[in-house]
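using only what follows, build the 3D model:
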Amino acid sequence: MIAAPDQRTPRGRRDRAFLLFLARTGARVSEAIGGNADDLQLERPRSQVLLHGKGRRDRVIPVPQDLARELAALLRERGIVNHEPRPINVGAHDERLTRSRASHIVRRAAAKAVAIRPDLAEKPISPHIFRHSLGMKLL
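So this is what the prediction gives:
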């Protein structure tokens, strides 16, 4: 599913970075769409992101190198410096992604991935699936 978005378009690059963010951090969709560039620490030897969770609980999550590269490229493409309080994931009009738009990105990627993995057609796919998948991988 992560490879499904078209990397030749800005939307495709944004979608891939968003899907990779969900998959590598285990973030809730609200944490992923609520993230700002100033929550990222990509220049450290071990990159990390500050996620703002439910109940005003914040947590620092390590960012794997593949995700750090994608995020750095996305920020560069959008002309954002790491420490700016601007949203990481935005829509076509530079507004923060909504929960429904995030779900749409995941469903669109799943629809494209069905060509390679037909078994995905029968599974309910949502942004939360990435959280569960990472949890099972860590277990």
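
surely residue 114 meets residue 121?
Yes: Residue 114 lies in contact with residue 121 (CB atoms under 8 Å); the separation is 5.0 Å. To be clear about C-beta, it is placed using only N, CA and C from the backbone, and glycine gets the same treatment.

in terms of neighbours, single out the busier of the two.
residue 114 (16 against 11; other CB atoms under 10 Å).

got a list of what that one touches?
Neighbour list for residue 114: 120, 121 [criterion: CB atoms under 8 Å, 6 or more residues apart in numbering].

for residue 108, see how far away it is.
Taking CB to CB, to the nearest Å as the measure, residue 114 falls 11 Å from residue 108.

likewise for residue 125?
Taking CB to CB as the measure, residue 125 and residue 108 are separated by 10 Å.

and for residue 115?
From residue 115 across to residue 108, the span is 13 Å (CB to CB).

ok, the two, which is more surrounded?
Between residue 115 and residue 108, counted using other CB under 10 Å, the more crowded position is residue 108 (15 against 9).

element containing that one?
Counting by DSSP states H and E, the secondary-structure element that holds residue 108 is helix 99-113.

read off the pLDDT value for the residue lying closest to residue 106 once chain neighbours are set aside.
Residue nearest to residue 106 in three dimensions, not counting chain neighbours: residue 127, with 5.1 Å by CB to CB, 6 or more residues apart in numbering. On the pLDDT scale, residue 127 is placed at 88.

so what's residue 127 up against?
With contact set as CB under 8 Å, 6+ apart, residue 127 has these partners: 22, 29, 32, 102, 103, 106.

let's see it at 6 Å
22, 29, 102, 106 (CB atoms under 6 Å, 6 or more residues apart in numbering).
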